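Below are the sequence and a predicted model for it; my questions follow.
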Amino acid sequence: MGLFSKNHMPVEGKTVLITGASEGMGRSAAVQLAAKGAHIILVSRNVGRLEEAAAEVRAAAKSPSSQRITYISADVSEPGYAARVLAEAIAWNGGAAPDIVWCVAGLSTPLLWTDERALPAARHNMSVNYFGSAEMSHAILREWLAPGNKYAEPKHLVFTASILALWAIVGYGPYSPSKWALRGLADTLVMELQMYPDTPVRVHVVYPATITSPGLARENETKPGVTLEIEEDDVPESPDTVAARSIAGLERGDYFVDVSFLGRIMRVGALGGSPRNSWLFDTVLGWFVPIIYFFTLIYVNTKVRAWPKKHGVPGAVAAPAVKP
Ligand SMILES: NC(=O)C1=CN([C@@H]2O[C@H](COP(=O)(O)OP(=O)(O)OC[C@H]3O[C@@H](n4cnc5c(N)ncnc54)[C@H](OP(=O)(O)O)[C@@H]3O)[C@@H](O)[C@H]2O)C=CC1
Ligand SMILES: CCCCCCCCCCCCCCCC(=O)[C@@H](N)CO
């Protein structure tokens with residue numbers, strides 16, 4: 001934080017629960033928040049990886065003797081998982097709910113929409129990316145907003161979307177809608193939470209671009225060639241860098257957190273009725289976005305139309321059966 005800017009999300013002595021914390025950006029975020037003095041609860045499925053991550057988080061702690069680190073194994077795509085995870089977290093935390101909940105768990109299965117695998121993938125992406133976060137937000141808000149509660153310092157609920165929730169591109173049909181859905185939920189909650197003056201909660205959505213994580217290697221196994229070609233213009237960043245920029249945005253108090261210049265342009269170009277980080281800067285930069293998209297869409301769509309000329313029309317659709 002700069003000399004004159006307030007830290008809107010101090011974490012020292014606070015308890016932070018992070019889903020998707022065993023790998024990639026979630027793990028980096030857990031390490032960095034521990035280094036700032038937070039108690040950490042890591043959530044993901046794989047116990048072996050959770051143990052490794054917890055050891056790394058412990059080693060990074062600001063004051064190892066007083067900070068408490070644990071993990072809980074859960075599959076966020078399971079209906080009702082969050083209530084169970086939170087009950088365990090609260091019991092471990094001496095009866096108190098976590099102060100900050102950051103939903104990072106997610107996956108991406110890029111495919112062309114006519115691929116026969118696209119719809120099952122879309123359902124699974126929605127279950128993990130959207131419902132995994134929706135369930136957790138539902139469960140933690142029922143704790144934070146419970147009748148009779150009163151606290152002065154705001155709690156924080158953080159969702160992790162993608163720049164693809166600001167501008168959708170070919171090949172992410174099974175994935176992008178699950179991240180767009182998070183935006184819709186976050187905007188709804190921001191408005192709804194104003195009805196609870198005694199229990200302030202700040203909602204945030206982080207919009208990363210390409211992260212060089214284990215997840216990226218997995219998604220590249222199904223990624224269509226045309227999608228890879230369009231993505232060449234995005235500069236990949238390490239999980240550590242994306243986590244650090246996300247935390248900086250949260251500390252600034254941003255509602256929609258961008259972590260790259262491309263992300264900033266896409267964010268201000270997609271605000272609609274969403275709250276602004278700064279009405280002045282978001283509006284002024286937003287005036288230029290139509291001009292940028294004018295050229296970007298020509299540039300990207302030229303690549304898309306050239307694709308079948310070079311590689312043939314995508315052949316994922318089975319030929320209709322010929323009737324005798
Ligand atoms: N990589 C990228 O290019 C981008 C990623 N994002 C988003 O950022 C977030 C982090 O991405 P990234 O760093 O790539 O993550 P990774 O794919 O590298 O790691 C994903 C983490 O989530 C956990 N996870 C996955 N599925 C589940 C599940 N069903 N239940 C519980 N935990 C689960 C994994 O652990 P385990 O296997 O043990 O469950 C792991 O800890 C995700 O939401 C992703 O969609 C956004 C933009 C770009
Ligand atoms: C003149 C300016 C030219 C701009 C060219 C356009 C660049 C397109 C960038 C698309 C990047 C997609 C990132 C995907 C992140 C993500 O969410 C997935 N990895 C899924 O996890």
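Yep, it's here. Ligands and ions are numbered 1, 2, ... in the order given.

Just want the phi and psi numbers for residue 203.
phi -100, psi 140 (degrees, to the nearest 10).

I'd say it and residue 186 touch.
Yes. Counting by Cβ atoms under 8 Å, residue 203 touches residue 186, with 5.3 Å between them. Quick note: C-beta positions are derived from backbone N, CA and C, even for glycine.

who touches both of the two?
Any residue near both residue 203 and residue 186 by Cβ atoms under 8 Å, 6 or more residues apart in numbering counts here, and that gives residue 159.

This protein against ligand 1: which residues are in contact?
By Cβ under 6 Å from any ligand atom, the residues of the chain that approach ligand 1 are 19-26, 44-46, 49, 75-77, 104-108, 128-129, 160, 162, 208, 210-211, 213-216, 239.

which ones are touching residue 126?
Residue 126 makes contacts with 177-178, 181, as judged by Cβ under 8 Å, 6+ apart.

Quote the end-to-end distance of stretch 56-73.
Chord length of stretch 56-73, first to last residue, is 17 Å (Cα to Cα, to the nearest Å).

And for that stretch, what's in contact with it?
Applying Cβ under 8 Å, 6+ apart, the external contacts of stretch 56-73 come out as 12, 15, 21-22, 27, 30-32, 34-47, 50-51, 53-54, 85, 88-89, 92-93.

buried stuff in that stretch?
Residues of stretch 56-73 classed as buried under the neighbour-count rule (16 or more other Cβ atoms under 10 Å) are 56-58, 60-61, 67, 69-73.

what's the answer for stretch 33-48, then?
The neighbour-count check on stretch 33-48 (16+ other Cβ under 10 Å) flags 33-34, 36-44 as buried.

surely residue 253 meets residue 154?
No. The criterion here is Cβ under 8 Å, and residue 253 misses it with residue 154 at 9.7 Å.

Touching both of these two, which residues are there?
Both residue 253 and residue 154 are in contact with residue 202, where contact means Cβ under 8 Å, 6+ apart.

So what sits opposite residue 72 in the bridge?
The bridge-partner assignment for residue 72, based on DSSP bridges, gives residue 43.

measure it to ligand 1 for me?
10 Å (Cβ to the nearest ligand atom, to the nearest Å).

now that residue: how far from residue 4?
Counting by Cβ to Cβ, to the nearest Å, the gap from residue 72 to residue 4 is 39 Å.

Ok, residue 225 next?
Taking Cβ to Cβ as the measure, residue 225 and residue 4 are separated by 49 Å.

Residue 286 against residue 271, yeah?
Yes. The pair residue 286 and residue 271 qualifies as a contact (Cβ under 8 Å) at a distance of 6.8 Å.

which residues touch the most centrally placed residue in the chain?
Within the chain, one residue has its C-alpha closest to the average C-alpha position: by Cα atoms, centre = their mean, that is residue 160, at 1.1 Å. Neighbouring residues of residue 160 by Cβ under 8 Å, 6+ apart: 20, 25-26, 102-104, 106, 133, 182, 205-206, 208.

Same question for residue 234.
Contacts for residue 234 (Cβ under 8 Å, 6+ apart) come out as 209-210, 262.

Can you tell me which residues in the stretch 201-324 of the chain are near ligand 2?
Contact residues (Cβ under 6 Å from any ligand atom) of the stretch 201-324 of the chain with ligand 2: 209-210, 216, 219, 230-231, 233-234, 296, 299-300.

Narrow those to just the buried residues.
Applying the neighbour count, that is 16+ other Cβ under 10 Å, the buried entries in those are 209-210, 219, 230-231, 296, 300.

can you tell me which of those residues are in helices?
In helices, defined here by DSSP state H, the members of those are 219, 230-231, 296, 300.

Under a three-state scheme, what state does residue 41 occupy?
Classification of residue 41 by DSSP: H, G, I helix; E, B strand; the rest coil places it in strand.
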